[in-house]
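Participant: Show me the folded form of this:
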Amino acid sequence: MNNKTIIFDFDGTIADTLTAGITIYNKIAPEFHYATIKPEDIPVLKSKKPQEIVKQYGISKFMIPKLALKIKKDLKKEMRHIKVFPGMHELLIDLRKDRYRLGIMTSNTKENVEVFLEAHDMQDIFEFIYSGKNIFGKSKILKRVIKEEEIDEKQACYVGDETRDIEATKKIHLPIISVSWGFNSRSALEKMEPDYLVDTVGELQQIIKTV
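Facilitator: Numbers count the residues shown, from 1 in each chain. This next block holds a predicted model:
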């Protein structure tokens, strides 16, 4: 067993769920009396933190769990059609062959992740999957993952695509590799000063194998 553990975010890092997520949100937004997201809004949203987006759309913090649950439930129907980001499947197989310990920690549901992994023949790659309902509570879930999986923090890192991933890992002093192909833009990620910031899967692979 390789003594390094790589914990991956799911949405925006492995799975390209952004378009499906926005489509679902736009369908249910009127039900909650919230504005829909237009195509021209997306570049602006990618530059913002989740807290800023919630405020911009007037979403009550008390309604976030209900809204998120509805989106995740509807997203389940689409999971088999969601694509893997180019190169990620091959990278994960390569890391598995090199006996890295791989896991997922996500705000999506475990069931949705499992449906996606099965559809892409990736169900045997990951050793563990953790899911959290609170989209702003990733640091607490990460602490639980590290404790329950008996992970050596000095031999581990997190891979994610959002500013909140950086905020979470900084709280618990866990190194993070941020990827620029997911939700948040490169400039937004850069402002948060992650340990590493990559634009390609090749760069991600190089960093994982050299740090």
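
Participant: Please enumerate residues in contact with the strand or helix carrying residue 142?
Facilitator: Assignment of secondary structure by DSSP states H and E places residue 142 within helix 138-148. Taking CB atoms under 8 Å, 6 or more residues apart in numbering as the criterion, the residues outside helix 138-148 that touch it are 7, 103, 105, 107, 128, 130, 132, 134, 151, 153, 156, 158, 164-165, 167-169, 171-172, 174. Quick note: C-beta positions are derived from backbone N, CA and C, even for glycine.

Participant: The helix or strand just after it pairs with which strands?
Facilitator: Once helix 138-148 ends, the next helix or strand along the chain (criterion: DSSP H and E) is strand 156-160. Its sheet considered, strand 156-160 pairs with strand 5-8 (parallel), strand 176-179 (parallel) by DSSP bridges.

Participant: Run the chain-centre distance for the last one.
Facilitator: In this case it means strand 176-179. Using CA atoms, centre = their mean, to the nearest Å, the distance from the centre of strand 176-179 to the centre of the chain it belongs to is 10 Å.

Participant: Kindly report the same for the first one.
Facilitator: Distance of strand 5-8 from the chain centroid (CA atoms, centre = their mean) equals 12 Å.

Participant: next SSE after it?
Facilitator: Counting by DSSP H and E, what follows strand 5-8 is helix 18-32.
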